[in-house]
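Participant: below are the sequence and a predicted model for it; my questions follow.
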Number of protein chains: 2
Amino acid sequence: MNPLFPSPIYQKRRAQLNAAFSSGTALFLSNNESPANYPANTYHYRQDSNFLYFFGLSLPNMVGVIDFEQNRSLLFGDDFTIDDIIWMGNQPKLSDLAAHIAVDEVRPLSELASFLKNKQVHFTPPYRADNKIELARLLGKNLEELTPSIELIKRIVALRELKSPEEIVQMEEANEIGVNMHTMVMKHCKPGVAERELFGVAEGIALGMGNGTSFPIILSQNGQTLHNHDHSLILEKGRLLVMDAGAENVMNYCSDHTRTLPVSGKFSPLQKEIYETVYQANMAAIANCKPGIQHIENHRIAVTIITEGLQKIGLMKGNIEESVALGAHALFMPHGLGHQVGLDVHDMEDLGENFVGYDETIQRSKIFGWGSLRMAKTLKPGHVITVEPGIYFIPHLIDIWKNEKKFEAYINYDKVEMYRNFGGIRIEDSVLITENGHKVLGSHLPKSVTEIENILQS
Amino acid sequence: MNPLFPSPIYQKRRAQLNAAFSSGTALFLSNNESPANYPANTYHYRQDSNFLYFFGLSLPNMVGVIDFEQNRSLLFGDDFTIDDIIWMGNQPKLSDLAAHIAVDEVRPLSELASFLKNKQVHFTPPYRADNKIELARLLGKNLEELTPSIELIKRIVALRELKSPEEIVQMEEANEIGVNMHTMVMKHCKPGVAERELFGVAEGIALGMGNGTSFPIILSQNGQTLHNHDHSLILEKGRLLVMDAGAENVMNYCSDHTRTLPVSGKFSPLQKEIYETVYQANMAAIANCKPGIQHIENHRIAVTIITEGLQKIGLMKGNIEESVALGAHALFMPHGLGHQVGLDVHDMEDLGENFVGYDETIQRSKIFGWGSLRMAKTLKPGHVITVEPGIYFIPHLIDIWKNEKKFEAYINYDKVEMYRNFGGIRIEDSVLITENGHKVLGSHLPKSVTEIENILQS
């Protein structure tokens, strides 16, 4: 059985959810085993994070129900059979599991559809096809008719986004695993090593110390490709290795770090200039993390520093404030500064990015670059957010913009051409917002030019 | 892009399939990205093996079609957008991909449904829910109306089960990765080490050298649980560690090995007796692997040796032939001797176990134990099968049989009680059937008592 918080924590979370509703029923389907190449060959099991938050159990084939009218919770499931026990070992009884999470009643799955009949059922957006089919069956609807509950989504975001002290302990643990993954890769990074080997090392640590990676590892010398899952190259002197990787601890809390390493052990002067700019953007944005600040302001700080840095190098020009507002920097940093982290590495992304990162005070921008920002709203104590500025030279994007003569007032395309094969640099930490400021989660992971060069050369 | 065989190989395979049909169309949906905890957070991509066999490409969002009447093949898909390129890097054009696998025509996915209209469409059993939904949409049917083609299934099994020389090269490569995984775990196995750490080491090697594990690793001191995916224990002196694990190489060919290790580095006399019995069963069944032999005969050889061994130890008694025929040994070995291996570790299990392991000459037994045998039919050159006998002491099963006084003529339950906490032992290799006999795939992995003790103590 997976580790759980003490049962009153789950009880309290469900009560907090219940308090926002006077009627209706919330339905939380567990994630089931997910087949890779045939039904019985399944991926590493991952429970749904909403189920984990309210019902804790990391097990498939269960449904958690909160009956708002009667203010009680139920767990629908079935006990294991003798066949299950031969193949999968002794399993706790459903009633024991229910006691661990303090639900009021246990019922067989076969009773669920009739239990839900004529009820106003709230559910979150299903993201797995098997659960879409099951939801449609349970509710007697077509797949196209499944309408998630906005009320439920908003209320869950309000609860899950503020991490409690016991959750922060778990997040710190996940970050320690992440620090271990990155440190080990730093120690093994040198010319001639295969990217795939370092990838294996990092995956092994994530699985050996926790519940595996929190998202598919990005580990590539082609760092200009933002979500690069290719690991087929051999490390070459002179190139930069971007590693964006995180772990889940055994309670499924997530970490997320990015570091960029010079394969040779030392940044070239050209690399160093760009690296220092990204580093300053990372440090300044983190320094500004505190309650009451909108995270979009931290994004603005980061992209302003990046614009200034690129101007100094001669890659950009013109009025900085205008350049930033119009998004000229997005040629070099097309993505946002960060996102929330928790039980998901993009926390609650299943509920919809705009419900997590935006609210009635701030709408998502339509400008390229700015529009990619996942978390824009005002920071509160308990938020955990990433700060991950970057500078990339994406040949395909450079060609398009250059052809369109886009932002010629702000970009020196001739100079940009000289950096065409540079690759990319990203530096990312996860930051907890505290009452008075912030804390970077996890032990310190080498980040400055000197720290990176020291560990690579040690 | 993933490595591919030369294009004539795919052309030939499709032509061989085509030759069996005079009309109709075969439809092969690629596997898509599979979400873990939100839509964009996907598991390690795994292509469908039938798609790999006929269309080679390890990419999502494609459909391969073989038009039997016109004897031509089509690939339906869409080229990447600029957004895809920013996030995922430069991608080959669909027309270039099609050239690599020698399909005759490329069309956009949007044209597929109308292309299929009024055609007799053959498809294999869908095992992913998203593809069930997509199939139903494409064919204008309800989910319940999807009827896979038995003809297509039988013809695919006939092709895929006989591995060609170039496939055997791939299988050997996968087995080398598997040997590396097991060897590294043997070297790290000692009291005080966490199961989870060894699990991480093995996973890291599989991902670092190939495409990851071929199935979820079984690595547990509770080896009596046949598919134990718990790795939460610390290795203890005196216990046995069962590791059943395999890898996929970069072309998705699979390996599958099991070894059982005494944590202390040396088998106790009790463990050694049982181990030797399983070892003899493994060796004798492998020795009998050759064309013309039914694999169920090898199963019979193995369970006969196990029955004899358990009689010598005093755990079983009575007429051996009867005991074996009735399945009394299934208290100790409830599973079958093996299965086919190829592009899936349980090769072609998506097509249905009985189509893969049985044919018109042999039906699956209804007897407990015998009925678990996945591969029973006559061996041919090119078959790759596992040989994996085991002896387990499953407390729950012992209690049930003992209560029922089941097979009291063949089982000494009093003595069995003394082994209640023994755990389990399994020894498994993958065996290629050759023209004249067989070859165990991969380099030799320590297997005898002496070999195992030597590597553990080295």
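Facilitator: Everything's here; your move.
Participant: which element is the residue nearest to A:Ser458 when sequence neighbours are not counted on?
Facilitator: Closest residue to A:Ser458 apart from its sequence neighbours, by CB to CB, 6 or more residues apart in numbering or on different chains: A:Lys187 at 7.6 Å. Every residue, glycine included, has its C-beta placed from N, CA and C. Taking DSSP states H and E as the definition, one finds A:Lys187 inside helix A:165-188.
Participant: which parts of that helix are buried?
Facilitator: Within helix A:165-188, the residues that count as buried by 16 or more other CB atoms under 10 Å in any protein chain shown are A:167-168, A:170-183, A:185-186.
Participant: packing partners for that helix?
Facilitator: Other helices and strands packing on helix A:165-188, by 3 or more CB pairs under 8 Å, 6 or more residues apart in numbering or on different chains; DSSP states H and E, are helix A:195-209, strand A:240-245, strand A:257-262, strand A:429-433, helix A:449-457.
Participant: would you turn those into JSON lines with distance to B:Lys406?
Facilitator: Output for the helices and strands packed on helix A:165-188, formatted as JSON lines (distance: least, CB to CB, whole Å):
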{"stretch": "helix A:195-209", "distance to B:Lys406": "40"}
{"stretch": "strand A:240-245", "distance to B:Lys406": "52"}
{"stretch": "strand A:257-262", "distance to B:Lys406": "56"}
{"stretch": "strand A:429-433", "distance to B:Lys406": "57"}
{"stretch": "helix A:449-457", "distance to B:Lys406": "62"}
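Participant: which one, of these, ends up nearest to B:Lys132?
Facilitator: Across these, B:Lys132 has its closest neighbour in helix A:195-209 (30.1 Å, CB to CB).
Participant: same for the closest one, what does it pack against?
Facilitator: Judged by 3+ CB pairs under 8 Å, 6+ apart, helix A:195-209 is in contact with helix A:165-188, strand A:218-220, strand A:240-245, helix B:195-209.
Participant: can you tell me which of those comes nearest to A:Phe199?
Facilitator: Closest approach to A:Phe199 among the helices and strands packed on helix A:195-209 (CB to CB): strand A:218-220, 4.9 Å.
Participant: what lines up beside that closest one in the sheet?
Facilitator: Using DSSP bridges, the strands paired with strand A:218-220 are strand A:240-245 (antiparallel).
Participant: now what about the strand it pairs with, what contacts it?
Facilitator: Outside strand A:240-245, the residues that touch it by CB atoms under 8 Å, 6 or more residues apart in numbering or on different chains are A:178, A:181-182, A:185, A:189, A:195, A:198, A:202, A:206, A:213, A:215, A:217-221, A:223, A:228, A:235, A:256-263, A:271, A:388, A:422-426, A:428.
Participant: so A:Pro291, which of the three states?
Facilitator: Following DSSP: H, G, I helix; E, B strand; the rest coil, A:Pro291 is assigned to coil.
Participant: is it true that A:Ala26 touches A:Ala20?
Facilitator: No - under the criterion of CB atoms under 8 Å, A:Ala26 makes no contact with A:Ala20, lying 10.2 Å away.
Participant: the more surrounded of these two?
Facilitator: Ranked by neighbour count (other CB atoms under 10 Å in any protein chain shown), A:Ala26 and A:Ala20 place A:Ala26 first, with 25 against 14.
Participant: for the more buried one, phi and psi?
Facilitator: Dihedral angles of A:Ala26 (phi, psi; degrees, to the nearest 10) stand at phi -100, psi 140.
Participant: residues contacting it?
Facilitator: By CB under 8 Å, 6+ apart, the neighbours of A:Ala26 are A:Leu17, A:Val65, A:Ile66, A:Phe68, A:Val121, A:His122, A:Phe123, A:Ser149, A:Leu152.
Participant: any idea how far A:Ala20 is from the fourth one?
Facilitator: So the one you mean is A:Phe68. Remark: distance between A:Phe68 and A:Ala20 (CB to CB, to the nearest Å) = 9 Å.
Participant: equivalent analysis for the fifth one, please.
Facilitator: Per CB to CB, A:Val121 is found 16 Å from A:Ala20.
Participant: for the second one, same thing?
Facilitator: Using CB to CB, we find A:Val65 at a distance of 16 Å from A:Ala20.
Participant: near chain B, which residues of the stretch 351-458 of chain A?
Facilitator: A:Ile394, A:His396, A:Leu397, A:Ile400 (CB under 8 Å from any CB of the partner chain).
Participant: try the stretch 201-350 of chain A
Facilitator: A:201-209, A:215-216, A:222, A:225-230, A:334, A:343-346, A:348-350.
Participant: picking up where we left off before, which pLDDT value goes with the residue nearest to A:Ser458?
Facilitator: pLDDT recorded at A:Lys187 is 97.
Participant: which one is A:Met333 nearest to, not counting chain neighbours?
Facilitator: A:Gly390 (5.5 Å).
Participant: the one you found contacts A:Val278, doesn't it?
Facilitator: Yes - the criterion here is CB under 8 Å, and A:Gly390 meets it with A:Val278 at 6.1 Å.
Participant: anything in contact with each of these two?
Facilitator: Shared contacts of A:Gly390 and A:Val278, counting by CB under 8 Å, 6+ apart, come down to A:Ile425, A:Arg426, A:Ile427.
Participant: beyond the strand or helix carrying A:Thr386, next helix or strand please.
Facilitator: For A:Thr386, the element it lies in under DSSP H and E is strand A:384-387. Later in the chain than strand A:384-387, the nearest helix or strand by DSSP H and E is strand A:390-392.
Participant: now the helix or strand following that following strand: how far from the chain's centre is it?
Facilitator: Remark: after strand A:390-392, the chain's next helix or strand is helix A:395-403, criterion DSSP H and E. How far helix A:395-403 lies from its chain's middle: 29 Å, per CA atoms, centre = their mean, to the nearest Å.
Participant: now swap in stretch A:260-271 and tell me
Facilitator: Put simply, stretch A:260-271 sits 27 Å off its chain's centre (CA atoms, centre = their mean).
Participant: other residues contacting it?
Facilitator: With contacts defined as CB under 8 Å, 6+ apart, stretch A:260-271 is touched by A:185-186, A:189-191, A:221, A:223, A:235-243, A:275, A:278, A:419, A:422, A:424-427, A:449, A:452-453, A:456-457.
Participant: what does stretch A:45-60 give?
Facilitator: A:1-2, A:4-5, A:10, A:13-14, A:17, A:28-34, A:62, A:64, A:66, A:73, A:75, A:97, A:100-101, A:103, A:124, A:156, A:159-160, A:252, A:342-344, A:347-348, A:350-351, B:36-37, B:229.
Participant: quick check: mean pLDDT of it?
Facilitator: For stretch A:45-60, mean pLDDT rounds to 97.
Participant: does A:Ala247 touch A:Met184 like I think?
Facilitator: No - if you go by CB under 8 Å, A:Ala247 and A:Met184 don't touch, sitting 11.9 Å apart.
Participant: any residues in contact with both of the two?
Facilitator: Common neighbours of A:Ala247 and A:Met184 (CB under 8 Å, 6+ apart) are A:Ile205.
Participant: check contacts around the residue in the stretch 351-458 of chain A positioned nearest to chain B.
Facilitator: Closest approach between the stretch 351-458 of chain A and chain B, counting by CB to the nearest CB: A:His396, at 4.9 Å. Applying CB under 8 Å, 6+ apart, we find A:His396 in contact with B:Ile82, B:Ile85, B:Ile86, B:Asn90.
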